[in-house]
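1. Fold the following for me, if possible:
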Amino acid sequence: MLPTPTGGDVLNGDPHNPTCWDDSPDIVIDTTGAVRITPPTEVELAKIPAAGPATDRARVSTTNRQVKVHVLVHHRWSDSLPSAQVKVVLLRQVLPANGVVPISLLWPALVTAAPSAVEPTSLPDGWTKAAATLWQSQSDGIDSRVPRAVTFDVDLSAESSGSVVAFLAVVMSLPGQISADDLSLGGANTAQTADQLVLTSPHVVAKSLEVG
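-> Below you'll find the predicted structure:
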């Protein structure tokens, strides 16, 4: 259902009604320090303790400066995909006081770079890659039965205490690439900000983190 509803009758019975655009369960901030041999499954992600309590500006918080960010990849199709055909991008940006971050220039840059193996030379709208590499592929192929995560090692040592970081994850595959259509809000309206993009695109999820 696009744009994705964040409240109202559609979410009746859901314990998270209304929900927030920057609180996706498919991004997990892991501060446990656990070293995993295989990528975590959806069940394993659900068992990871929350990084820290929500604040008035962020969904989770932490005083750790070295964290792992797991992005869960779902594949809702009967045929499996080899890992080489799946790409996960993790971006970050410090949230301003009003919580609004633009994506109108970022998205076309990602769409252009997506089919290539070469990362874009720059990321517009104030975004940066969240880890050492902009994108990663899964270590194994993916099928519809067992969603698995891609893990990014994130260094927050440059962030000042009290800052809030927005993580934006973009998941794509060779047969399911991102495009300008992901911006459609209906009619002639298009997403201009991260909170709008999360609602319009099935490829995008977000999580906010306050650094203590």
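
2. mind checking how far the residue nearest to the spatial centre of the chain is from residue 51?
-> Nearest to the geometric centre of the chain sits residue 169, at 2.4 Å (Cα atoms, centre = their mean). Per Cβ to Cβ, to the nearest Å, residue 169 is found 16 Å from residue 51. To be clear about C-beta, it is placed using only N, CA and C from the backbone, and glycine gets the same treatment.

3. Would you mind pulling the contact partners of the helix or strand encompassing residue 197?
-> Secondary structure from DSSP states H and E places residue 197 in helix 194-200. Helix 194-200 is contacted from outside by 2-4, 6, 21-22, 24, 93, 99-103, 107, 166, 168, 182-185, 191, 204-206, using Cβ atoms under 8 Å, 6 or more residues apart in numbering.

4. Who are the packing partners of the helix or strand just after it?
-> Next helix or strand after helix 194-200 toward the C-terminus (DSSP H and E): strand 204-211. On a contact count with 3 or more Cβ pairs under 8 Å, 6 or more residues apart in numbering; DSSP states H and E, strand 204-211 meets strand 27-30, strand 60-62, strand 164-173, helix 194-200.

5. Kindly reformat these as CSV containing distance to residue 210 and mean pLDDT.
-> As requested, the helices and strands packed on strand 204-211 are exported to CSV (distance: least, Cβ to Cβ, whole Å; pLDDT from 0 to 100):
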stretch, distance to residue 210, mean pLDDT
strand 27-30, 11, 97
strand 60-62, 4, 97
strand 164-173, 5, 96
helix 194-200, 17, 95
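
6. Pull out the buried residues from the worst-scoring helix or strand of the chain on mean pLDDT.
-> Scoring the helices and strands of the chain by mean pLDDT, DSSP states H and E places strand 184-186 at the bottom, with a mean of 88. Judged by neighbour count (16 or more other Cβ atoms under 10 Å), strand 184-186 contains these buried residues: residue 184.

7. tell me what that strand is packed against?
-> Here strand 184-186 touches helix 194-200, going by 3+ Cβ pairs under 8 Å, 6+ apart.

8. Report the buried residues of the helix it packs on.
-> Buried residues in helix 194-200, counted by 16+ other Cβ under 10 Å: 194, 195, 196, 197, 198, 199, 200.

9. Just the closest of those residues to residue 41, please.
-> Closest approach to residue 41 among those (Cβ to Cβ): residue 198, at 23.3 Å.
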